[in-house]
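> got a sequence here, can you model it:
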Amino acid sequence: MAPGRLDGLIATRDGYFRAEIVGPRSGGLRLPPGGSRILDAALRRGGSARGRVTVDGLPASGVRVTAMRPTLPWPPVASATTGTDGRFEMRSLLDEALHFSARVPMPGGPALVLAPTTGVDAVQMAAGAAPLEVNFVGTSVPVTTVAISGRVVDPEGAPIADAAIGRYGASSAADGSFMLMLSLALPISNEPRQVVISHRDFAYALLAVPDGARDREDVGEIVLRRPALVRGRILDSREVPIVGADVWFGEDRGASGGPAWTSPASRAPGPTRTDARGDFELRLPWASGRYRLRARAAGHATAESATIDHPGAPTIPVVDLVLQPAEVLRGRVVNARTGTPVPGARLGLVSLTRFSGANSAAAWVRQGSHPVVARTDAGGAFTIGDLDPGGYVVGALADGYASADVAVSAPVEAPLVLRLEPLFEISGTVIAADGTSAVGVRIRAGNGGGREGDRSRGITDANGEFRLRGLLSGAYSVVAVGTGGHLLRVPAGTHDVRVVIPAPANREHE
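Residues are numbered from 1 along each chain as shown. This is a model prediction of the structure:
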């Protein structure tokens, strides 16, 4: 290997967790010209699970079995597929509680989702222990195929061609006739199955599959009525028409809940934009019903109409909406210790109308679940615009700092100040009892708290050196995991920690 810097080296073996010999946490490894290094790695044995899936007393092959964390059901921790004998095996499972499930595909019908026969929702895995037995037993659900035929027509009885029949790829012919092959699990529920009939020029209609339908059913004529229309104009606070405003609708559910809003980017009938005069015409999905409208435009807050009791065509209600200027949040991100600005900090925003107050805006941004809405400039200042009045959680992240969040209610008069706590590291060396550098030893630091930055983990490199990054200020207990060594109490920011492993050294790590 050529001299230089080695940034990554991983050791793996079937049935074990992979070990980082050299990596970002260890700071890499420099290779001298003409020199060589002998590197050691301690592999931890993983837990395993195995079992069998049977349906109607017979082994089920090709069944996907998944293991998931109960608190984070996606993505799965591991998965396996059963063989011809219905058996499966998973290896290298984590030392944690896992939930197992099996999904059995059923020809012509819905898949069966099975739980383990133990009836326990989650089981605790143990590394190095005997394989956990997880078995699944199921009974198939009878499925029948019903041929549903009919004819789609307009209110005058003329046939409607190319009407979409549900989500099954079926459509009406030139004479309006259709045939839909529908697979139903038996016994059929008392609630009738409903299939949506739609066409670009008409309102939706619902086809109710008769209870107890068998083999073939003719439902006769399905009449599609003209869609309900709403017209209006969108104005700003000075009553000037707004060009290009988004207008969309929601079905008012009354006492059962608020409006079921469509998205302005939705392909469902309805969402539209205002023309050069600020006018719009909105097509609604049903022939009649209770609706509300919403509108928004750049630089303006969202406006909502009162409930519209639409009787259907030919009545066309006229609804004008006035959009008020949008709210703007301004503020600064500073170092909590020194008060100096933090440039380049990333700002996230979570609306409390969509998420509970317990959700962290910074966590959403960090996980990629929410976009970065602003970044601080050289003076640590930021601006977030186009906001509706209401509650928000604003979070800030920056390299070398712990994240911070603050709950606000727009409009906000005074500028916000987000104070980020700086993060430190603890570094040092682990020495074996014989005085040599201890390679591949897991190091852990913690202060007993539950905040971000209250703990860190690492592994020693080929020189026995370690770096524990991302720690808040304060005193920490540092220990070489699984070696029998004593806890060392050191402050964050210490760079000369010396950890000595007592004899005999225990290299079988937890």
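> hey, where'd the helices end up in this protein?
Per DSSP state H, the chain carries helices over the ranges 361-366.
> how's it carved up into domains?
The chain breaks down into these domains under automatic domain parsing: 52-138, 143-223, 229-323, 327-420, 424-500.
> and the third one, average pLDDT?
Which is domain 229-323. With pLDDT averaged residue by residue, domain 229-323 scores 81.
> rank the domains of the chain by pLDDT, which is bottom?
domain 52-138 (a mean of 75).
> how long is that domain end to end?
Using Cα to Cα, to the nearest Å, one end of domain 52-138 lies 11 Å from the other.
> now do stretch 483-497
Terminal residues of stretch 483-497 lie 16 Å apart, using Cα to Cα.
> what's next to that stretch, contact-wise?
424-429, 438, 441, 471-479, 499-502, 505-507 (Cβ atoms under 8 Å, 6 or more residues apart in numbering). To be clear about C-beta, it is placed using only N, CA and C from the backbone, and glycine gets the same treatment.
> go again using 7 Å as the cut-off
With contacts defined as Cβ atoms under 7 Å, 6 or more residues apart in numbering, stretch 483-497 is touched by 424, 426-428, 441, 471-479, 499-502, 505-506.
> now stretch 427-438
Contact with stretch 427-438 is made by 441, 443, 460, 463-467, 480, 495-503, 505, as judged by Cβ under 7 Å, 6+ apart.
> nearest spatial neighbour of Gly86, skipping sequence neighbours?
Take Gly86 and drop its neighbours on the chain: the residue closest to it by Cβ to Cβ, 6 or more residues apart in numbering is Pro59, 2.8 Å away.
> pretty sure that neighbour contacts Phe88?
No. Pro59 is beyond contact range of Phe88, at 10.8 Å (criterion: Cβ atoms under 7 Å).
> those two: which is more packed in?
Phe88 (21 against 15; other Cβ atoms under 10 Å).
> OK, contacts around the more buried one?
Arg50, Gly51, Val65, Ala80, Thr81, Thr82.
> what's the local residue count around Leu329?
Quick note: Leu329 (other Cβ under 10 Å) scores 21 neighbours.
> compute the distance between the spatially closest residue to it that is not a sequence neighbour and Gly395, please.
Distances taken as Cβ to Cβ, 6+ apart put Ile384 closest to Leu329, at 4.4 Å, once the chain neighbours are dropped. Plainly put, Ile384 is 11 Å away from Gly395 if you go by Cβ to Cβ, to the nearest Å.
> let's see which of the contacts of Phe88 end up in strands.
Arg50, Gly51, Val65, Ala80, Thr81 (DSSP state E).
> how close does the fourth one sit to Phe136?
Put plainly, it is Ala80. 12 Å.
> buried stuff in the longest strand seen in the chain?
Ranked by number of residues, the top strand in the chain under DSSP E is strand 143-153. Within strand 143-153, the residues scored as buried using 16 or more other Cβ atoms under 10 Å are Val146, Ile148, Gly150, Arg151, Val152, Val153.
> who's in contact with Arg457?
Here Arg457 is in contact with Arg442, Ile443, Arg444 (Cβ under 7 Å, 6+ apart).
> beta partners of the second one?
The one in question is Ile443. Ile443 forms beta bridges with Gly458, Ala480, as assigned by DSSP bridges.
> surely it touches Arg467?
No. The pair Ile443 / Arg467 is not scored as a contact, 9.1 Å apart, by Cβ under 7 Å.
> which neighbours do the two share?
With Cβ under 7 Å, 6+ apart, Ile443 and Arg467 have common neighbours Gly458.
> more crowded one of the two?
Ile443 (25 against 19).
> report the contact partners of the more buried one.
When contacts are counted by Cβ under 7 Å, 6+ apart, Ile443 touches Val430, Arg457, Gly458, Ile459, Thr460, Phe466, Leu468, Val478, Ala480.
> am I right that the last one is in contact with Pro502?
To tie it back to what came earlier, the one meant is Ala480. No. Assessed by Cβ under 7 Å, Ala480 is found out of contact with Pro502, at 9.9 Å.
> more neighbours, the two?
Ala480 (26 against 13).
> roughly how far apart are the more buried one and Ala205?
On the measure of Cβ to Cβ, Ala480 and Ala205 end up 71 Å apart.
> do the same with Gly157
For Gly157, the distance to Ala205 - Cβ to Cβ - is 15 Å.
> more crowded one of the two?
When Gly157 and Ala205 are compared for neighbours, Ala205 comes out ahead with 18 against 10, by other Cβ under 10 Å.
> partner residues bridging the more buried one?
Ile197.
> ok, it - contacts?
Residues near Ala205 by Cβ under 7 Å, 6+ apart: Ile197, Ile222, Val223, Leu224.
> so the last one sits against Glu156, correct?
So the one you mean is Leu224. No. Taking contacts as Cβ under 7 Å, Leu224 lies outside contact range of Glu156: 11.2 Å.
> more neighbours, these two?
Neighbours per residue (other Cβ under 10 Å) separate Leu224 from Glu156, with Leu224 holding more: 22 against 6.
> state the phi and psi torsions of that one.
Backbone torsions of Leu224, given as degrees, to the nearest 10, read phi -100, psi 120.
> residues near the residue nearest to it when sequence neighbours are not counted, how many?
Using Cβ to Cβ, 6+ apart and skipping the chain neighbours, the partner closest in space to Leu224 is Phe202 (3.8 Å). Neighbour count for Phe202, taken as other Cβ under 10 Å: 21.
> equivalent analysis for Gly493, please.
Around Gly493 there are 14 residues (other Cβ under 10 Å).
> one more: Ala313?
Counted with other Cβ under 10 Å, Ala313 comes out at 15.
> ok, now the one 5 residues further on?
Val318: 8 surrounding residues under other Cβ under 10 Å.
> tell me the contacts of it?
Here Val318 is in contact with Arg231, Gly232 (Cβ under 7 Å, 6+ apart).
> now Ile384
Leu329, Leu347, Leu349, Val373, Ala374.
> swap the cut-off to 10 Å and go again
Taking Cβ atoms under 10 Å, 6 or more residues apart in numbering, we find Ile384 in contact with 327-331, 347-349, 373-374, 392, 394, 410, 416.
> narrow the residues you listed to those that are buried.
Glu327, Leu329, Gly331, Leu347, Gly348, Leu349, Val373, Ala374, Tyr392, Val394, Ala410, Leu416.
> the fourth one and Ala404, how far apart?
So that's Leu347. Distance, Leu347 to Ala404, using Cβ to Cβ: 11 Å.
> just the first one next, same as before
Between Glu327 and Ala404 the distance, using Cβ to Cβ, works out to 21 Å.
> re earlier: the residue nearest to Leu224 contacts Arg225, doesn't it?
Yes. Under the criterion of Cβ atoms under 10 Å, Phe202 makes contact with Arg225 at 6.7 Å.
> shared neighbours of those two, anything?
Residues touching both Phe202 and Arg225 (Cβ under 10 Å, 6+ apart): Asp154, Pro155, Ala287.
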